[in-house]
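Peer 1: attaching a predicted model along with its sequence, questions to come.
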Amino acid sequence: MRRILIVGAGQSGLQLALGLQAQGYEVTLMSNRTADEIRSGRVMSTQCMFHTALQHERDLGLNFWESQAPRIEGVGVSVAAPDATRAIDWVGKLKGYAQSVDQRVKMAGWMETFAQRGGQLVIHGAAVSDLDFFARTYDLVLVSAGKGELVSMFGRDASRSPYTEPQRALAVSYVHGLGPRPEHPEFDAVRCNLVPGVGELFVMPTLTTSGRADILFWEGVPGGPLDVFNGVTDPAEHLSLTLELMEKFLPWEYARATKVELTDGGGTLAGRYAPTVRNPIGRLPGGGLVLGVADVVVANDPITGQGSNSASKCAASYLSSIVEHGEKEFDEAWMRSAFDRYWDTAQHVTKWTNAMLGVPPEHVLNLIGAAGQLQPAADRFANGFDDPADFENFFYEPEKTAAYLAEVAGAQAQAQTQTQTQA
Ligand SMILES: Cc1cc2nc3c(=O)[nH]c(=O)nc-3n(C[C@H](O)[C@H](O)[C@H](O)COP(=O)(O)OP(=O)(O)OC[C@H]3O[C@@H](n4cnc5c(N)ncnc54)[C@H](O)[C@@H]3O)c2cc1C
């Protein structure tokens, strides 16, 4: 039986560990925290996952919270005008619903399942010296430790990493008591509120340790008016800053947040990191090789809400690569090919996310504006969150955007003419 060590029990590490376990591999999972420590700790993400990523979980029978988590049926975009009114406001409908399950709930639950199914769970914060030792005793060592210290083993790929500094300051609050968006009280959506030059506020429902909740997530341009959460240690102060900024920049979102309270003492998070793509293969001092997984090798800013989706897609892709490799050695060439296969998908996420961090060019502003009148364009934009490869067809190049908008506008005009003729 092939022996595999996975270091890091987040979205990718646990999904891969449970997937390999189900296929009969002997899997050891190393986590720097117990399930109880994760469950009672601080929130880690907003983890909104779209259809394809959720389907990977369903395929492994790991969708334990699907019936309890709110169904997110749309993605909405609002743009604030300088006088804090809404210049743009629309919502696109998703073909398959998205869901957010607090990683404290999911990772703790999956970790317990892994152990109950006979997996070897080691609670230990692994250091490079540990991996040096273990690389000799396992057929394959995978490092899925997120953005922690172990990334230092994987060199930065400058050609795929345009930014050397964080592009947003992040501030998350999990709350109870948020009212529905009055524009569509009958369904839930992720609401992306853009404040040009200042940052973004994302609002989305989630399932947390105390049931249904909503997340208020500010992404602030560093040094700007939203970059004020550094050093704020009191969760109540963090929430009141969040609300003050909402009242100032996004009064329509503030209007439904006047009665909110934090879900729990661990319901806030602040931080920042530079988006980075790394060399996927880590070389240990003793000569052994380890393969990086998900955020270790491709960490994007959460502005497009893709990291957990990518972690799920990476775990699914690596699972196939491992199983298809059978009994052959997991050598450097195999590691490279496993990563390249994942990068086929991941490159689109990185390209789109890095584009969204910059100042939007005129044709993108036109697209976002036009989606308010052209529902198919709003729907297509929303579904790009599930499959960012589609943005190649209508987002990056002004000619393609113009051609797409002309096509949609033409079809809409034709449909209106037909309706009028029939009437
Ligand atoms: C504020 C914020 C909002 C986000 N919102 C979204 C969103 O809406 N949608 C989305 O898809 N993504 C989102 N993301 C990104 C997403 O959370 C991550 O990309 C995803 O969790 C990465 O999964 P992973 O498996 O690579 O790593 P992680 O989930 O980070 O898991 C790594 C695990 O390894 C453990 N670990 C670290 N070092 C060691 C060690 N030395 N030894 C043992 N264990 C170790 C950690 O404790 C952790 O449990 C967001 C991220 C942030 C910060």
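Peer 2: Structure received.

Peer 1: for the helix or strand harbouring L14, buried residues please.
Peer 2: Here L14 sits within helix 11-22, counting by DSSP states H and E. For helix 11-22, the neighbour count (16 or more other C-beta atoms under 10 Å) marks Q11, S12, G13, L14, Q15, L16, A17, L18, G19, L20, Q21 as buried. Any C-beta I mention is one placed from the backbone N, CA and C, and that applies to glycine too.

Peer 1: quick check: the two most widely separated of those?
Peer 2: Among these, the pair separated by the greatest distance (C-beta to C-beta) is Q11 and Q21, at 16.1 Å.

Peer 1: please see if the helix holding L14 touches the ligand.
Peer 2: Yes: contact of helix 11-22 with the ligand (C-beta under 6 Å from any ligand atom) involves Q11, S12, G13.

Peer 1: okay, now the residue in the stretch 1-150 of the chain that the ligand sits nearest to: neighbour count?
Peer 2: Closest residue of the stretch 1-150 of the chain to the ligand, C-beta to the nearest ligand atom: G10 (1.9 Å). Residues near G10, counting by other C-beta atoms under 10 Å, number 28.

Peer 1: OK, contacts around it?
Peer 2: Residues in contact with G10 (C-beta atoms under 8 Å, 6 or more residues apart in numbering) are M44, Q103, M107, S144, A145, G146, A294, D295, A311.

Peer 1: excluding its backbone neighbours, what's nearest P166?
Peer 2: The shortest distance from P166 to any non-neighbouring residue, by C-beta to C-beta, 6 or more residues apart in numbering, is to R272 (3.7 Å).

Peer 1: isn't E200 up against G305?
Peer 2: No: using C-beta atoms under 8 Å, E200 makes no contact with G305, being 10.7 Å away.

Peer 1: neighbour count winner among the two?
Peer 2: Of the pair E200 and G305, G305 is the one with more neighbours under other C-beta under 10 Å, namely 24 against 21.

Peer 1: follow-up on the earlier one: for the helix holding L14, which helices and strands make contact with it?
Peer 2: Under the contact criterion of 3 or more C-beta pairs under 8 Å, 6 or more residues apart in numbering; DSSP states H and E, helix 11-22 touches strand 3-7, strand 26-31, helix 103-116, helix 307-324.

Peer 1: what angle separates the last one from strand 3-7?
Peer 2: Think helix 307-324. If you take axes from the mean of the first three to the mean of the last three C-alpha atoms, to 10 degrees, helix 307-324 sits at 170 degrees to strand 3-7.

Peer 1: gap between helix 307-324 and the chain center?
Peer 2: 15 Å (C-alpha atoms, centre = their mean, to the nearest Å).

Peer 1: next, the angle from that helix to helix 103-116.
Peer 2: Using the same axes, to 10 degrees: helix 307-324 against helix 103-116 is 20 degrees.

Peer 1: hey, C-alpha coordinates of helix 307-324 in CSV?
Peer 2: Taking C-alpha atoms only, helix 307-324 is exported to CSV below (Å, rounded to 0.1, in the frame of the first residue of the first chain):
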residue,chain,number,x,y,z
GLY,A,307,-8.8,30.4,-2.9
SER,A,308,-11.0,27.6,-1.5
ASN,A,309,-12.4,26.9,-4.9
SER,A,310,-8.8,26.5,-6.2
ALA,A,311,-7.8,24.4,-3.2
SER,A,312,-10.7,22.0,-4.0
LYS,A,313,-9.8,22.0,-7.7
CYS,A,314,-6.1,21.4,-6.8
ALA,A,315,-7.0,18.5,-4.5
ALA,A,316,-9.2,16.9,-7.1
SER,A,317,-6.5,17.3,-9.8
TYR,A,318,-3.7,15.9,-7.6
LEU,A,319,-5.9,13.0,-6.5
SER,A,320,-6.4,12.0,-10.2
SER,A,321,-2.7,12.5,-10.9
ILE,A,322,-1.7,10.3,-7.9
VAL,A,323,-4.2,7.5,-8.6
GLU,A,324,-3.4,7.4,-12.4
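
Peer 1: now it and helix 11-22, what's the angle there?
Peer 2: For helix 307-324 against helix 11-22, the angle by the same axes, to 10 degrees is 30 degrees.

Peer 1: same check on the shortest one?
Peer 2: Computed by the same axes, to 10 degrees, the angle separating strand 3-7 from helix 11-22 equals 160 degrees.

Peer 1: who does strand 3-7 touch, helix- and strand-wise?
Peer 2: By 3+ C-beta pairs under 8 Å, 6+ apart, strand 3-7 packs against helix 11-22, strand 26-31, strand 140-143.

Peer 1: now it: average pLDDT?
Peer 2: For strand 3-7, the mean per-residue pLDDT is 98.

Peer 1: thought K95 was touching N383?
Peer 2: Yes: with contact defined as C-beta under 8 Å, K95 and N383 form a contacting pair (5.7 Å).

Peer 1: who's more crowded, these two?
Peer 2: Neighbour totals were compared for K95 and N383, and N383 leads with 19 against 12 (other C-beta under 10 Å).

Peer 1: tally of neighbours for the closest residue to L250 other than its chain neighbours?
Peer 2: Excluding the flanking residues, the one nearest L250 by C-beta to C-beta, 6+ apart is N193, at 4.9 Å. Applying other C-beta under 10 Å, we find 22 other residues in the vicinity of N193.

Peer 1: what's the helix or strand for N193?
Peer 2: Element membership of N193 [criterion: DSSP H and E] is strand 188-195.

Peer 1: just K95 next, same as before
Peer 2: Using DSSP H and E, K95 falls in strand 86-100.
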